[in-house]
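>>> Quick one: sequence and predicted model below, then my questions.
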Amino acid sequence: MTSRLPVASAATLAGTIVAAYLIAITGAAIVPGFAAAIGLLAGLVLQRWIRLGDPRPAAMTTTVWCGLVAAVLVLLMRMTWPALLPPGGASDLTHHLMLVDVLERSRHLVDGAASEAALGEMAHYTPGLHLLIVVAGALAGIDAYRVVYPVLAVTVALKAGFVVLIAAELLNRSRSRVPIALAAVGLVLFAPMAYSVDGFLRAGFLAQVASELFVVAGWWGLANWWSSRAPAWMAFTGLMGAATFLTWPIWVGPLVVAAAASLLSARELSSTARVRSAVFCFGPVAVVSVLHLSAHAAWLGLAGTSGAVPLLAPGPLGWLFIALACAGAVIGWRQEPARPTLWFAAALVAQALALYALARMRGAETPYMAMKMLYLGVYPAAVLGILGIDAIARRFPSGVSWAVLLVVCGIGVGHARSTVVPPSVVDVSLHDAGKWAREHLEARCVDYIVENADQAYWLHLAVLGQPRSSPRTADIDHYTANRAAGRWVEGGALPYAVAFRALLPGEVVRDARVLKEFGTAVVIERAGVACPSAIGD
């Protein structure tokens, strides 16, 4: 059955996150190998439980699913090959890397109240993705920042696989099930790229993008429970919900509401079966949410924040994408297997409206979190859109469905290939130089001569570990490489600097002493200059 491998893969990642968090919340040190072993065990147990409890034939072959996941993964890895570093330079990327750095070095969760000055809102952030990255880096034997992009690429590739499985579940009686379901990938992952791939290629929304895997996998588990009533599927959905909360809590609402609607609508269930399924589904989410919010209640304040999010960008398919989703919703209402998907979509819209109202009440400049729901909304929109496409394709010979697949995926992949991936502010040489400076020098006395303000911001916070709440951090907003080098020429610089050698003027090269070289980066010292006793850091 094709559900075995998808269940095992998602449950292993989710189980690793939950295990690492539950270990760390006790105050114990995170042991990556132990957390990964528990995650693997959870994956194996769940896939066997589901296989025994749900003997239905597979909606799609394992070969098709594996081929799709592999194809998406290869495409995403090629976008940043060979560096495989997280692209872009948004401040969100630096903030996530900063939390990864803290967890990697300490192997303990951060104390929210004590860490606010150093980490800002990240002191209260749910650390699910960051824990997974730390575990992956430790298992691979490399610095955690080097596995950020590969981990995210894996989550996006698996998410594509689950989108197709959901579409195949809804199209189970269609003769064109496989090609039309596969078209969902082109329809969602690459057509409205502003809300799918661009979330981590440009915007730095790392945790949000990773959490989409777990909420989509939980939605798939709910769709399977609706068709089979096997309680193991609710346990799977519950684990996905817990991982969703620990990674990006905003997404868990639609999943929980859709699960509750499904349970209430399954009238043939006995009270015992209903309660058991509810415990399996909601229990894990309740446990992790209570544990996190009891120590980090300040996280709730993020729900009313402002920020920049594209308002409506449906991609090259434009309004056709939205029209297909609306048509699919009408068609799906008459089809029993589509009910969990419709409830999921309705819950998503309701949460967006609630977040919009909350933002307005708090006086936020933009309804940031409400607009963020668009990033998740494209997935049920695409699956419902596939129902609309299938309704049209049924009126034509079976070969037309394969033509639809080629056209939709061709548009989506073509759009993706034409997209220019922004260069990463993360640089291996700079990271190594900054790490050495942090270990051997007084970090507050280190200057930066790098390409731009985003790179200086990353180096200052995520590598040198300097506090976010400080005048010097704020001053980086006005950073330029020429200004930084000019301070060294004029003699007004700090005693040390991490720099790209190519950006150093001749006067600096002549007068400064090179302490250490790392590829294209160097750590330099200006002889006879003392670090000021108070430099606002």
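Yes, it's here.
>>> Can you pull out the low-pLDDT segments for the protein?
Residue ranges of the chain with pLDDT under 70: 1-2, 57-60, 173-175, 191, 297-318, 364-365, 397-398, 415-418, 533-537.
>>> care to break it down by domain?
4-417, 428-525 (automatic domain parsing).
>>> from the chain's centre, how far out does the shortest one sit?
If I follow you right, that is domain 428-525. Remark: domain 428-525 is offset 30 Å from the chain centroid, using C-alpha atoms, centre = their mean, to the nearest Å.
>>> again, but for the longest one
Relative to its parent chain, domain 4-417 has a centroid offset of 8 Å by C-alpha atoms, centre = their mean.
>>> contacting residues for Leu76?
Ala153, Val156, Ala157, Val197 (C-beta atoms under 8 Å, 6 or more residues apart in numbering). Placement of C-beta: from N, CA and C, glycine included.
>>> how near is it to Ala157?
7 Å (C-beta to C-beta, to the nearest Å).
>>> what does Glu212 give?
The value you get for Glu212 to Ala157, if C-beta to C-beta is used, is 12 Å.
>>> about what we covered before: would you list the domains of the chain in JSON lines and tack on distance to Pro532?
What follows is those, written out as JSON lines (distance: least, C-beta to C-beta, whole Å):
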{"stretch": "domain 4-417", "distance to Pro532": "20"}
{"stretch": "domain 428-525", "distance to Pro532": "8"}
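>>> Spit out the contact partners of Val164.
Going by C-beta under 8 Å, 6+ apart, Val164 touches Met60, Trp65, Leu68, Ala181, Leu182, Ala184, Val185.
>>> what about Leu430, which helix or strand?
helix 428-440 (DSSP states H and E).
>>> ok, now Val252?
Using DSSP H and E, Val252 sits in helix 252-265.
>>> For the helix or strand that that helix is followed by, buried residues please.
Using DSSP H and E, the helix or strand that follows helix 252-265 towards the C-terminus is helix 271-295. Within helix 271-295, the residues that count as buried by 16 or more other C-beta atoms under 10 Å are 277-278, 280-282, 284-286, 288-289, 291-293, 295.
>>> What of stretch 516-527?
Lys516, Phe518, Ala521, Val522, Val523, Ile524, Glu525, Arg526.
>>> ok, now stretch 169-179?
Glu169, Leu170, Leu171, Ser174, Ser176, Arg177, Val178, Pro179.
>>> Just flag the most distant two among the residues you listed.
Glu169 and Pro179 (15.5 Å; C-beta to C-beta).
>>> Show me what the helix or strand hosting Leu358 packs onto, helices and strands only.
Assigned by DSSP H and E, Leu358 belongs to helix 339-361. The contact analysis (3 or more C-beta pairs under 8 Å, 6 or more residues apart in numbering; DSSP states H and E) places helix 339-361 against helix 206-228, helix 252-265, helix 318-332, helix 368-393.
>>> Can you say which of the ones you listed is nearest to Gln466?
helix 206-228 (20.8 Å).
>>> what angle separates that closest one from helix 339-361?
140 degrees (axes from the mean of the first three to the mean of the last three C-alpha atoms, to 10 degrees).
>>> and helix 206-228 with helix 368-393, angle?
Going by the same axes, to 10 degrees, helix 206-228 makes 40 degrees with helix 368-393.
>>> Val522: which element?
strand 521-525.
>>> in its sheet, what does that strand sit against?
strand 496-500 (antiparallel), strand 513-518 (antiparallel) (DSSP bridges).
>>> Point out the most buried one among the ones you listed.
Highest mean neighbour count among those (mean count of other C-beta atoms under 10 Å): strand 496-500, with a mean of 25.
>>> Give the buried residues for the helix or strand following it.
Using DSSP H and E, the helix or strand that follows strand 496-500 in sequence is helix 506-511. By neighbour count on 16+ other C-beta under 10 Å, the buried set for helix 506-511 is Val508.
>>> and for the helix holding Leu430, what are the contacting residues?
83, 85, 143, 145-146, 443, 446, 450, 455, 459, 463-465, 496, 498, 500, 515-516, 518-523.
>>> do the same with stretch 39-54
The contact list for stretch 39-54 (C-beta under 8 Å, 6+ apart) reads 1, 3-5, 7-19, 224, 228, 230-233, 235-236, 239.
>>> And the buried ones among these, selectable in ChimeraX?
Applying 16+ other C-beta under 10 Å to the contacts of stretch 39-54, the buried members can be selected in ChimeraX as follows:
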select :1,3,4,5,7,8,9,10,11,12,13,14,15,16,17,18,19,224,230,231,232,233,235,236,239
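>>> So which of the contacts of stretch 39-54 are in strands?
The members of the contacts of stretch 39-54 all map outside strands under DSSP state E.
>>> any idea how far Ala83 lies from Pro505?
28 Å.
>>> sorry, back to before: quick one: which two of the contacts of Leu76 are the most distant?
The widest separation within these (C-beta to C-beta) is 11.1 Å, between Ala157 and Val197.
>>> For Val463, which non-adjacent residue is closest in space?
Gly434 (3.6 Å; C-beta to C-beta, 6 or more residues apart in numbering).
>>> How many neighbouring residues does that neighbour have?
Neighbours of Gly434 under the rule other C-beta atoms under 10 Å: 26.
>>> try Arg146
Around Arg146 there are 19 residues (other C-beta under 10 Å).
>>> so it makes contact with Ala83?
No - applying C-beta atoms under 8 Å as the test, Arg146 and Ala83 come out as separate, 9.3 Å apart.
>>> Tell me the buried residues in the one helix or strand Arg48 maps to?
Assigned by DSSP H and E, Arg48 belongs to helix 32-53. Across helix 32-53, burial judged by 16+ other C-beta under 10 Å covers 32, 35-36, 38-40, 42-44, 46-47, 49-50.
>>> nearest to Val509, of these?
Once C-beta to C-beta is applied, the member of the buried residues of helix 32-53 that ends up nearest Val509 is Pro32, at 41.9 Å.
>>> Now that closest one: closest residue in space, sequence neighbours ignored.
In space, Pro32 is closest to Ala138, 3.7 Å off (C-beta to C-beta, 6+ apart).
>>> what's the nearest residue in space to Pro380 that is not next to it in sequence in contact with, if anything?
Distance criterion C-beta to C-beta, 6+ apart; nearest residue to Pro380, sequence neighbours excluded, is Ala345 at 4.0 Å. By C-beta under 8 Å, 6+ apart, the contact set of Ala345 is Pro254, Ala329, Gly377, Pro380, Ala381, Leu384.
>>> wait, isn't Asp477 in contact with Ala453?
Yes - Asp477 is within contact range of Ala453, at 6.4 Å (criterion: C-beta under 8 Å).
>>> neighbour-wise, which of these two wins?
Counted by other C-beta under 10 Å, Asp477 and Ala453 do not tie: Ala453 has more neighbours, with 20 against 10.
>>> contacting residues for the more buried one?
So Ala453 contacts Ile476, Asp477, His478, Tyr479, Thr480 (C-beta under 8 Å, 6+ apart).
>>> so where do the strands sit in the stretch 51-200 of the chain?
Assigned by DSSP state E, counting those that start in this stretch, the stretch 51-200 of the chain shows no strands.
>>> picking that back up, now, which of the buried residues of stretch 169-179 sits nearest Trp333?
Using C-beta to C-beta, the buried residues of stretch 169-179 come closest to Trp333 at Leu170, 12.2 Å.
>>> ok, the closest one touching Gly385?
No - with contact defined as C-beta under 8 Å, Leu170 does not reach Gly385; the gap is 11.2 Å.
>>> Which stretches in the stretch 51-200 of the chain count as helices?
Ranges of helices within the stretch 51-200 of the chain are 62-79, 91-106, 112-119, 128-140, 148-170, 177-185, 198-201, based on DSSP state H, counting those that start in this stretch.
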